[in-house]
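Colleague: fold the following.
(2 chains)
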Amino acid sequence: MQVGRKEGNLMHTPTSIDAVQTMLADQGYVCDRALGTVVFLSLSLGRPLFLEGEAGVGKTEIAKALAAALGRRLIRLQCYEGLDASSAVYEWNFPAQMVAIRTAEASGGADRKALQTELFSDDYLIERPLLDAMRPDENGAPVLLIDELDRTDEPFEAFLLEALSDFQVTIPELGTIKAPEPPIVIVTSNRTREVHDALKRRCLYHWVDYPNFDREMEILQARAPEAAAELSREVVAFVQRLRTEDLFKKPGVAETIDWAKCLLALDVLALSPEVIADTLGAILKYQDDIQKLQGSEAKRLLDEAKASLEPA
Amino acid sequence: MPEYAPLELPENPRLAGNITHFARALRRAGLPIGTGRVMDAITAVTKAGFTEKRDFYWTLHACFVSKPEHRAVFAQIFRLYWRDPRYLEHMMAAMLPAVRGVQEDRGAQAAEKRAAEALLDGAGDDIDLPDIEEGGTEIEIDASLTMSAEEQLKTLDFEQMSTEEMAQAKAMLARMALPVDPMPTRRTRVAGLGRIDPARTLRAAMRQGGEMRDLKWKTPRVCYPNLVALCDISGSMSQYSRVVLHFLHAVANAKGAGWAKVHAFTFGTRLTNITRHLAQRDVDAALQAAGAEAQDWEGGTRIGSCLETFNRDWSRRVLGQGAVVLLITDGLDRDDPDALAKQMERLHLSAQRLIWINPLLRWEDFAPRARGIAAMLPHVDSFRAGHSIASIEELAQVISLRDDVGDRDRLLRMITA
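Modeller: Numbers count the residues shown, from 1 in each chain, chains lettered A, B, ... in the order given. This next block holds a predicted model:
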């Protein structure tokens, strides 16, 4: 099916899963083999990549890392409820068109046909992310990030189907605009609602999970290299331990990195229950969760986390 | 691709065949996989190469899995299948019921029994329902009702109904709806008046050679909210729960009646999502399937922990986009009232509106003395009775009113007094 698709600018495209992992690692994005595999497939098959997972596990980051690594432009479409075609695809510049009509009238008897062509030309077209991503780019097709798709509603999803399967959008006045080279599409969802199967079917799916201890250590070292190894180990062990607790919102990798940076700013060298109590706001964002860690609970978790570090 | 020897399809027909059979196995286990996906998978495997089992796993995973809950099923079938395809066939028979749950054998037994009987195996129950097999019989009974009898039935407490009255009540409930007012969205539609629509105005002007004759208008589109029902099925509520589930089935299946989606959950000692079952057209089949799924009928109640489960696992997925929550429970809970109050507060914060339906409110001198009730009451938007058809009709009238509080304030004053 996809074999015949034009492969386009393959100069930078990695040729193996290992190459993808190395390429992303160079951008400070540590990914496991599973994620590397889907990214590689998405690049080589020209398929959109659908990433689902809890908030803060690095779904958005991967698009940024990919764009930087491949030297492509990153176009981001942040979804929200009520997102419609005029803010996602294109809009006509209405005030400018009005001015043009009046000018034509003032200058006397404009040719109707010519005016029509002029008003609905690229000059008066405001391009929004989706249309922008279909345009040719000298650096190769851009990376199109459709972020938090679950926030928008079903009609918009249905609209995306055309754009994502054929990589084309239709503007009534101009006709169909087809991407000369399909953009690299990354769709993310926090799963606040189920995205329709028809859309998922057109994408390669991957559930991004919380990383294990070693992977999270690598990520932390890549993203906050100035943190001392000992502190990093304690931070990661504590966060890993925290994720096994019954929390309303478990801390993601983004919170781990934030927290390590907070601790660095406070010149903390080792975790203590007092430090945790002071900086808990960096990892837990719900009052219920913070209350759970009041008093001796934080100390207990810290002791357990430290105990788990011993044999290492 | 220098490291991996690419596998050309025509040279290796067995692999394509095996992937197809693998996809069929997954399909039988309930994963929605079409032919297109199988072809994609074959293409993907040729691209990713075939050197490592791990890569092969994640390649197929990317193509076949589209929901987190399918991951476990995929892993299990992958492990079995790519070891020995014949081994799988032996295993499938044993494994499938666990994977598929009640989906398969539900259809056959649907009309055999009244679902309510199946849901209930408690002794000492007085509503041994008659075997009304055909819908036609029920309609006959309805036709024979005089208006006054119907009126009488409306105010009768569900708990005091005879078997026949109950059957009639259920038939009446099945015809009832829960109308809801739509909410405006940020999208717009063409309208006669409202806001100016510049794009259409200009297009119309262009058809007139640039002469703007009249303005075009647009107005916000509307959409309907979701309804989320949390229904208590513990011992003290069982009679009501069955009636309410009948009603929910009618609401969930009333096409074009408003609600965008109806999500239903039951709870006693644990929370069960029965939304999927309510989608069946036959109410008996739906309730039977729901009953098979919910294991805790007529048990105790642990409202606090069930709400906690809901808040943690479901609230973010079903309470978006302005959902209205119906909480149907008597509030008799023996757990820690503080924990319950905390979970109620969380639920209240995540829902657009939280309406508590409590059948105990039928008693004239009902007072919120139970600790659970006192803990929950401050956190609801509205508190209403739900013991008779008349009270459910009343609910239908007020569900769209934003400022309706039912009996909440009166009872709150009793607590503070």
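
Colleague: wait, doesn't A:Y80 sit right on A:D150?
Modeller: No: contact criterion CB atoms under 8 Å: A:Y80 and A:D150 do not qualify, at 10.8 Å. In short, each C-beta sits where N, CA and C put it, glycine included.

Colleague: what about those two, which has more around it?
Modeller: More crowded of A:Y80 and A:D150, by other CB atoms under 10 Å in any protein chain shown: A:D150, with 20 against 13.

Colleague: could you list the buried residues of the helix or strand of chain A with the lowest mean pLDDT?
Modeller: Least confident helix or strand, chain A: helix A:112-119 with a mean of 79, by mean pLDDT, DSSP states H and E. Across helix A:112-119, burial judged by 16 or more other CB atoms under 10 Å in any protein chain shown covers A:L115, A:Q116, A:E118, A:L119.

Colleague: excluding its backbone neighbours, what's nearest the third one?
Modeller: Taking CB to CB, 6 or more residues apart in numbering or on different chains as the measure, A:E118 lies nearest to A:A100, with 6.7 Å between them; neighbours along the chain are not counted.

Colleague: swap in the second one?
Modeller: The shortest distance from A:Q116 to any residue other than its chain neighbours is 5.6 Å, reached at B:M206 (CB to CB, 6+ apart).

Colleague: give me the element the one you found is part of.
Modeller: helix B:198-207 (DSSP states H and E).

Colleague: ditto for A:I219
Modeller: helix A:213-223.

Colleague: quick one: contacts for the residue nearest to A:E118?
Modeller: Taking CB atoms under 8 Å, 6 or more residues apart in numbering or on different chains as the contact definition, A:A100 lies against A:L115, A:E118, A:L119, A:Y124.

Colleague: what's the closest of those residues to chain B?
Modeller: Using CB to the nearest CB, A:L115 is the member of the contacts of A:A100 that sits closest to chain B, with 5.7 Å.

Colleague: now A:A19: how far from B:K47?
Modeller: The gap separating A:A19 from B:K47 is 13 Å, by CB to CB, to the nearest Å.

Colleague: mind listing the shared neighbours of these two?
Modeller: With CB under 8 Å, 6+ apart as the test, A:A19 and B:K47 both reach A:F40.

Colleague: wait, is B:A229 part of a strand?
Modeller: Yes: assessed by DSSP: H, G, I helix; E, B strand; the rest coil, B:A229 belongs to a strand.

Colleague: how much space between it and chain A?
Modeller: 17 Å (CB to the nearest CB, to the nearest Å).

Colleague: what about that residue, how many neighbours?
Modeller: Neighbours of B:A229 using other CB under 10 Å come to 26.

Colleague: for the one 10 residues further on, same thing?
Modeller: The criterion is other CB under 10 Å. On that basis, B:Q239 has 22 neighbouring residues.

Colleague: just checking, it touches B:D232?
Modeller: No: the criterion here is CB under 8 Å, and B:Q239 misses it with B:D232 at 11.4 Å.

Colleague: where does the stretch 301-417 of chain B have low pLDDT?
Modeller: B:364, B:417 (pLDDT under 70).

Colleague: would you map the strands across it?
Modeller: All strands of the stretch 301-417 of chain B, identified by DSSP state E, counting those that start in this stretch, fall at B:324-328, B:353-357, B:382-384.

Colleague: same list (those) but as TSV, adding distance to chain A and mean neighbour count.
Modeller: Shown next, in TSV, are these (distance: least, CB to the nearest CB, whole Å; neighbours: other CB atoms under 10 Å in any protein chain shown):
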stretch	distance to chain A	mean neighbour count
strand B:324-328	16	25
strand B:353-357	17	24
strand B:382-384	24	23
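
Colleague: need the ones you listed in CSV with distance to A:L269, can you?
Modeller: Shown next, in CSV, are these (distance: least, CB to CB, whole Å):
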stretch, distance to A:L269
strand B:324-328, 48
strand B:353-357, 47
strand B:382-384, 54
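
Colleague: the residue of the stretch 201-312 of chain A found nearest chain B: what's it in contact with?
Modeller: Closest to chain B within the stretch 201-312 of chain A is A:L204: 4.2 Å, counting by CB to the nearest CB. Residues near A:L204 by CB under 8 Å, 6+ apart: A:V38, A:L41, A:S42, A:L45, A:R47, A:P48, A:L49, A:F50, B:A44, B:A62, B:C63.

Colleague: and what of A:A114?
Modeller: Contacts of A:A114 by CB under 8 Å, 6+ apart: none found.

Colleague: at 10 Å what do you get?
Modeller: Applying CB atoms under 10 Å, 6 or more residues apart in numbering or on different chains, we find A:A114 in contact with A:A104.

Colleague: swap in B:G235?
Modeller: Listed by CB under 10 Å, 6+ apart, the contact set of B:G235 reads B:G122, B:G268, B:W297, B:E298, B:G299, B:G300, B:T301, B:L332.

Colleague: rewinding a little: in strands, which of the contacts of A:L204 appear?
Modeller: The members of these that map onto strands under DSSP state E are A:L49, A:F50.

Colleague: which residue ranges form the strands in the stretch 1-150 of chain A?
Modeller: Using DSSP E, counting those that start in this stretch, strands in the stretch 1-150 of chain A cover A:49-53, A:74-78, A:90-92, A:125-127, A:143-147.

Colleague: of all these, which lies closest to chain B?
Modeller: strand A:90-92 (5.8 Å).

Colleague: pLDDT averaged over that closest one - what is it?
Modeller: For strand A:90-92, mean pLDDT rounds to 89.

Colleague: report the distance from that strand to the chain centre.
Modeller: 25 Å (CA atoms, centre = their mean, to the nearest Å).

Colleague: swap in stretch A:225-234?
Modeller: Centre-to-centre, stretch A:225-234 and its host chain are 27 Å apart (CA atoms, centre = their mean).

Colleague: what about it, how long is it end to end?
Modeller: 15 Å (CA to CA, to the nearest Å).

Colleague: residue numbers of the stretch 151-300 of chain B in contact with chain A?
Modeller: B:184-188, B:196-199, B:201-203, B:205-212, B:220-221, B:223, B:226, B:260-261 (CB under 10 Å from any CB of the partner chain).

Colleague: would you mind measuring from B:T35 to B:P368?
Modeller: 59 Å.

Colleague: the more surrounded of those two?
Modeller: Between B:T35 and B:P368, counted using other CB under 10 Å, B:P368 has the larger neighbour count: 23 against 9.

Colleague: backbone dihedrals for that one, please?
Modeller: phi -80, psi 70 (degrees, to the nearest 10).
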